[in-house]
Structures are given as C-alpha cells and as structure tokens.
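> Here you go, sequence then predicted model.
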Amino acid sequence: MILDFPGVTAIVAAGILGGYLARRTRHSERSLVRWIGAPLAGLLALASLVALGVVLRGYWKLNRHYDNPVSSISVELTPERIARGERLARICAGCHAADQEPPLEGQDFLSDGEAPPIGRMYAPNLTPIHLGGWSDGEIIRAIREGIHKNGRSLLIMPASSFRHFSDEDVMAIVAYLRSQPAVEPDTPPLRLNVLGAVLVNIAPIFEAQAPITELVLGPPSGVTREYGGYLASLICMSCHGEDLGGNLGMGAPGLIGVGLTWNEDAFRSFFETGIKPDGSAVDGDRMPWEELRSLFDEDELRAIWLYLQDRFAASGG
C-alpha cells in the first residue's frame, strides 16, 4: 500500500489543533485574540481538512485496484519478433533507460534534482531481473492497459496510446524484453509523500485503461496513410492529443497544421536535426526527436507524413 503515514498524521494533527485553538480563542476575554486568533485557527482547521481530502483522494487513485483480466498467452520468442520488438522498445527507452539505450534497466525519475521532493519514483527495470516474476499476459496488460502486476494503476504509463498496439507488435515487445540480459538492481518500490499525493490529482499523468477483450489487428507495414495513422496513434497522440490538435497541459502543439507549412522534406529533416522550417530548434526533452529518429525508418516517417497530410486535408486545410 502506498501511503505516507507520518505526513497524513501531521495533516490530521494540524486540523485537530486548528479546531481546538478556534474553540478556545472564540471564548477568549481578549478581543484581539477573538477577532484575529479565532479566524486564523479556523482557517488552519479548514485548510487541513481540504488538504486531507486532496491527499486521501490521491492515495486512493494510487492504490485503487483494477480487475482487468490477464491473458494466459505465452509469447514465442522468435528471431523476427525479437528484432521487431527491439525497434519498438525504443519507445520505452526514453523512460526506462537512463541513457535512452537498451538494456531497459530503469531509472530514477527524481534524480536530476529539478523535481519537487515528492518521494521515490522509478521507471521500472524491464529486464528479466524485474520481469522474471511477471507472466506474458501481465506484461501485455501493463503495456496496453497501464496496470501493475498487483492490480494498481501504473503512475506514468501512456496506456491510452499503447492500447493501440496490435497483438503482434505487443507480443514482439514482450519477446524482446524477455531476450534482454538480466541487469541489476531491481526496481525499488514506489513511495510518494503527501505532496506527491497532491500532485497525483493535478499533474497530467496517465491512468489505467479499460480491458482489451478483442483482437487488435494492425495494418500491414508500408508507406501508407493507414500504417502512418497506426504509428501516430502509438507515439504522437499521447502528447499531442487523440485528435492531434495539441495538448495545452503538456505544452504540445497541434500536428494537423503541419501540412500547411511543412513539406515532406522539411518533415523528414526535422527528425534529422530537430530544426523546424522556421529555423528554430525544439527542446529535445519535450520533443525527443532523436529518440523518434532511431525508432522510425524513412518509410515510416513518410507514412506518418502521409497520414498527417490526409488529416490536414480532411480538416479543410
């Protein structure tokens, strides 16, 4: 169970203290104490009550159990699947590898010192040292539905996009993860203090998804709008919105309008240099163009371009 017992106890104690002081100062013989002390003490009690509600809601979201069924599938580790999975796992490397390169040994999200002091949060080690106790079905559920082996929601997992992975592609990822060497150490457990619980309520994090109970078939790979749309649903929509119209919460612009100002050469050049047609450079932390360039080959970039062009034309551009 994820819960900061000392932090929650401190909030409760502050509320009790505020209520006690408000009652005492309200009946004080000194007018200054009644008119100033009582409202301040009451404000402390009210603020503590509100904070307790927000914190408990955050911990409820963190600890909520989901009963999504787990497939009994056993993934065959063929060379073709492992090779395909190695490419697709580049999507995972941005979070699950400190240098964004395999093996996916995990990393501490809060190690750079720039994050607020909210506790301990690691992107899990995805080598067999951690996944050895997970079934193939549990790994697939984690990828596409954002649910941990123990049934709770994974805190930062873009399952709303990854649920679009075809059955074959998600099995390819599992095959690759199984084929990695076991790299220590294992992932330490998640631990969030009361500030972390507050941020769970307001930060643009990802939550568990509905169960996937039917076959998910992807389009054949190729330079087609259909395949480009499939790739965009996996990669682009988690930041740029499901309609690719932009996401203000994440500071991600809309992509549909690129058909107006970006030709195909400019689009492909962007993934080589990180430079937009107007000559400005993008922030590589916010838009990981180098990581995406290692993920997509030339044909896949062309397919995504064709899809965006198609969407732009459909929007009336």
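All right, it came through fine.
> Would you map the strands across the stretch 1-150 of the chain?
107-108, 119-120, 122-123 (DSSP state E, counting those that start in this stretch).
> Next secondary structure element downstream of the helix or strand of the chain with the lowest mean pLDDT?
One helix or strand of the chain scores below all others by mean pLDDT, DSSP states H and E: helix 258-261, with a mean of 61. Sequence order places helix 264-273 as the next helix or strand after helix 258-261, per DSSP states H and E.
> tell me which residues of that next one are tucked away?
Within helix 264-273, the residues that count as buried by 16 or more other CB atoms under 10 Å are 267-268, 270-271. Where you see a C-beta, it was placed from the backbone N, CA and C, and this is true even at glycine.
> So which other helices or strands are in contact with the next helix or strand after that helix?
The C-terminal neighbour of helix 264-273 among helices and strands, as given by DSSP H and E, is helix 289-295. On a contact count with 3 or more CB pairs under 8 Å, 6 or more residues apart in numbering; DSSP states H and E, helix 289-295 meets helix 90-96, helix 264-273.
> Leu308: which of those is closest?
Of all the helices and strands packed on helix 289-295, helix 264-273 sits nearest to Leu308, with 7.8 Å by CB to CB.
> Now that closest one - C-alpha only, PDB.
In PDB, the C-alpha atoms belonging to helix 264-273 read as follows (Å, rounded to 0.1, in the frame of the first residue of the first chain):
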ATOM      1  CA  GLU A 264       7.800  16.100 -46.800                       C
ATOM      2  CA  ASP A 265      11.500  17.100 -46.900                       C
ATOM      3  CA  ALA A 266      11.000  19.500 -44.000                       C
ATOM      4  CA  PHE A 267       9.200  16.900 -42.000                       C
ATOM      5  CA  ARG A 268      11.900  14.300 -42.500                       C
ATOM      6  CA  SER A 269      14.700  16.900 -42.000                       C
ATOM      7  CA  PHE A 270      13.100  17.800 -38.600                       C
ATOM      8  CA  PHE A 271      13.800  14.200 -37.400                       C
ATOM      9  CA  GLU A 272      17.400  14.500 -38.500                       C
ATOM     10  CA  THR A 273      18.200  17.900 -36.900                       C
END
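> pLDDT averaged over that helix - what is it?
Average pLDDT, helix 264-273: 89.
> Distance from that helix to the middle of the chain?
Put simply, helix 264-273 sits 26 Å off its chain's centre (CA atoms, centre = their mean, to the nearest Å).
> by contact count, what packs against that helix?
Short answer (3+ CB pairs under 8 Å, 6+ apart): helix 264-273 packs on helix 289-295, helix 298-314.
> So, low pLDDT: which residues of the stretch 201-317 of the chain?
Low-confidence segments of the stretch 201-317 of the chain (pLDDT under 70): 204-205, 257-261, 313-317.
> again, 90 this time
Within the stretch 201-317 of the chain, the stretches with pLDDT under 90 are 201-208, 213, 235-268, 271-272, 274, 276-280, 282-297, 308-317.
> thinking again about what came up before, identify whichever of the helices and strands packed on helix 289-295 lies nearest to Ser161.
Each of those has some distance to Ser161 by CB to CB; the shortest is helix 90-96, at 9.3 Å.
> okay if I get the helices and strands packed on helix 289-295 as TSV plus distance to Ile82?
What follows is the helices and strands packed on helix 289-295, written out as TSV (distance: least, CB to CB, whole Å):
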stretch	distance to Ile82
helix 90-96	14
helix 264-273	25
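> quick one: which of the ones you listed is nearest Asn247?
helix 90-96 (17.1 Å).
> quick check: longest helix of the chain.
Assignment by DSSP state H gives helix 38-63 as the longest helix of the chain.
> tell me which residues in that one are buried?
Using 16+ other CB under 10 Å as the test for burial, helix 38-63 gives 38, 41-42, 44-45, 48-49, 51-52, 54-55, 58-59, 61-62.
> Work out the gap between it and the centre of the chain.
That offset, for helix 38-63, works out to 27 Å (CA atoms, centre = their mean).
> Which one of the helices and strands packed on helix 289-295 lies nearest to Pro189?
Proximity to Pro189 (CB to CB) singles out helix 90-96 among these, at 16.4 Å.
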